[in-house]
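# A structural model of the following input is requested.
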Amino acid sequence: MRLMKRYLLYIFLLLCTGIVSPLLAQDTLFDSSDPKLPCTFQYPISWTKTKSEGVKEQYSEYDLTGPVNAEKTYSAHISMTAMDPASAKGKTPNEYLDRFLDSVKALHDHYEVLSRTNTVFWGQSVPTIDVAYAIPLPYGSAKFTWTIIRERRAVTVNNGKLWTFVYAADKDDFDKYVSVYQHLMETFFFK
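Have a look, this model is predicted:
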C-alpha cells in the first residue's frame, strides 16, 4: 500500500510539473504479490509479461517481451531475476558479471564488451555491463543469418537475493527501446 501511495505521488508530481514520460500514458503498474519477487514496476501495456522459476538454479524471474525486429527473428525483452547467491554465477554483483562475461566469451566467437560501469539506481551504485554478440537466427534454421544482439545487464543485492536486470534487443532496435528499460528501472521498487 505504501508503494502505491509513493507511485501515485510520483504521478501527481509529474503531472503538476508537466514532466510526463512519453511512455507513461501507455504504461501499466505491476505490483507483485509473489514473495519470491517482491517488487513493483511500470512497463508498456503492449509488452507481454511472463513469470518463470528455476528449480535447480533457484531463481524467479519476470520477463517482458516487446516488439520483434524487422527480420521477425528476435524480440526486444527485459528480464528481472531474483536468485539465491549460492546458485548464482557469482556471490557478489561484480563476481556475477565476471562469470557472465566468461560465459559470453565461451558461447560467442564474435562479441564485444561495449562498457562496464556502475550506474546509480535506487540511490546506490549498481555494476552494469553492456555487451554485443552475434547469434544465428532464426534458431535451429539451416538458413540462418548472424544477428548482432546488444545487451545491458545490471546486478544488485536486495534482501539476500542477487537481482539481475537485463535488456536485450537486435542492435538495430536497441536504442529504440532502451528508454523502456530506463523507465522500468526508474519506477522499480523492492518491497
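
# relative to its centroid, which residue of the chain is most remote?
Distance from the centre of the chain peaks at A142, with 30.3 Å (CA atoms, centre = their mean).

# measure it to K72 for me?
A142 is 17 Å from K72, where distance means CB to CB, to the nearest Å. The way it works is simple: take the backbone N, C-alpha and C, and place the C-beta from them, glycine included.

# What of A106?
29 Å.

# what about A76, neighbour count?
24 (other CB atoms under 10 Å).

# Ok, L101 next?
17.

# tell me the secondary structure for it?
Put simply, L101 is helix when judged by DSSP: H, G, I helix; E, B strand; the rest coil.

# Do I have it right that it meets E112?
No: shown here, L101 and E112 do not form a contact pair, counting by CB atoms under 8 Å, at 11.3 Å.

# which residues are common contacts for those two?
Shared contacts of L101 and E112, defined by CB atoms under 8 Å, 6 or more residues apart in numbering, are found at V131.

# Which helix or strand contains the residue positioned nearest the centre of the chain?
Nearest to the geometric centre of the chain sits V166, at 2.9 Å (CA atoms, centre = their mean). Per DSSP states H and E, V166 falls inside strand 161-170.

# I'd like to know which elements that strand is packed against.
strand 75-83, helix 93-107, strand 145-158, helix 174-187 (3 or more CB pairs under 8 Å, 6 or more residues apart in numbering; DSSP states H and E).

# between it and helix 93-107, how big is the angle?
Relative orientation of strand 161-170 versus helix 93-107 (axes from the mean of the first three to the mean of the last three CA atoms, to 10 degrees): 40 degrees.

# quick one: low-confidence ranges for the protein?
Residues of the chain that meet the criterion pLDDT under 70 lie in 1-25, 89.

# thinking again about what came up before, any idea what the residue nearest to the centre of the chain is bridged to?
On the basis of DSSP bridges, V166 takes part in beta bridges with S79, R153.
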